[in-house]
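**Student:** the sequence and its predicted three-dimensional model are supplied below.
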Amino acid sequence: MDTISRENNSMLPVGGIIVGVIALLLGGYSAITLSKVNRTLAEHQPKIDKVDAVESQATSAAAAADKSAKEYQGLRTSTQEAFNQVGAELGNLRASITKLEEAAKKPAPVAEKGKKGGGPVVAGPGEYVVKAGDGGTKIAKSHGVSVSDLQAVNPGVNWSKLSVGQKIKLPAKK
């Protein structure tokens with residue numbers, strides 16, 4: 001048994017040494033390659049940091065853009081509502097102006113004797129418009145005529161109930 005085991009075992013140490021050398025070479029190669037990879041990663045780290053910063057800025061800008069878009073939509077809606085209200089009011093004003101223009105085109109109503117309303121009563125030649133506090137005597141005296149002459153040219157006038165704005169005729173002066 002000793003001979004058999006010696007013969008078979010003589011190659012084992014040589015094989016172990018060969019495998020160990022190969023393992024050392026592969027380990028050295030991997031250490032060198034890992035070193036290169038680490039160096040390359042270290043060189044690219046500032047670039048990666050810049051990309052991360054740009055990504056952060058882009059995210060912030062996107063959030064700000066979304067917020068601005070919502071604010072814009074709110075402003076647009078409120079502005080449209082305000083325009084709608086102003087438009088309605090302009091329509092009302094236009095209708096009022098049209099009514100005023102039509103009323104201005106119509107002749108002013110003339111006040112008749114003894115009736116109220118219309119525009120102010122204007123005295124024509126030989127006429128007088130009664131004012132507050134006027135009486136037959138006061139009117140006759142202020143125009144230099146007699147009360148009897150004043151009553152004679154105004155036969156239908158009730159001198160005890162003169163109304164403001166009433167027209168009476170004045171007699172010719174003698």
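**Tutor:** Nice, thanks for sending it over.
**Student:** which helix or which strand is home to Leu25?
**Tutor:** Per DSSP states H and E, Leu25 falls inside helix 11-105.
**Student:** kindly report the domain assignment for this protein.
**Tutor:** For the chain, automatic domain parsing gives the domain ranges 18-106, 109-174.
**Student:** what residue ranges in this structure score low on pLDDT?
**Tutor:** Residue ranges of the chain with pLDDT under 70: 1-9, 107-119, 174.
**Student:** give me the spatial nearest neighbour of Gly126, chain neighbours excluded.
**Tutor:** Sequence neighbours aside, Leu170 is the residue nearest to Gly126 in space, at 5.4 Å (criterion: Cβ to Cβ, 6 or more residues apart in numbering). The C-beta positions use only the backbone N, C-alpha and C, and glycine is treated the same way.
**Student:** would you point out which residue is most central in the protein?
**Tutor:** What sits nearest the mean C-alpha location of the chain, by Cα atoms, centre = their mean, is Thr79, with 3.6 Å.
**Student:** quick one: that one from Gln85, how far?
**Tutor:** Thr79 is 11 Å from Gln85, where distance means Cβ to Cβ, to the nearest Å.
**Student:** about what we covered before: so how far is Val121 from the residue nearest to Gly126?
**Tutor:** 15 Å.
**Student:** repeat that for Gly165.
**Tutor:** Using Cβ to Cβ, Gly165 is found at 5 Å from Val121.
**Student:** now swap in Thr59 and tell me
**Tutor:** Here the criterion is Cβ to Cβ. By it, Thr59 lies 83 Å from Val121.
**Student:** more neighbours: which of these two?
**Tutor:** When Thr59 and Val121 are compared for neighbours, Val121 comes out ahead with 18 against 10, by other Cβ atoms under 10 Å.
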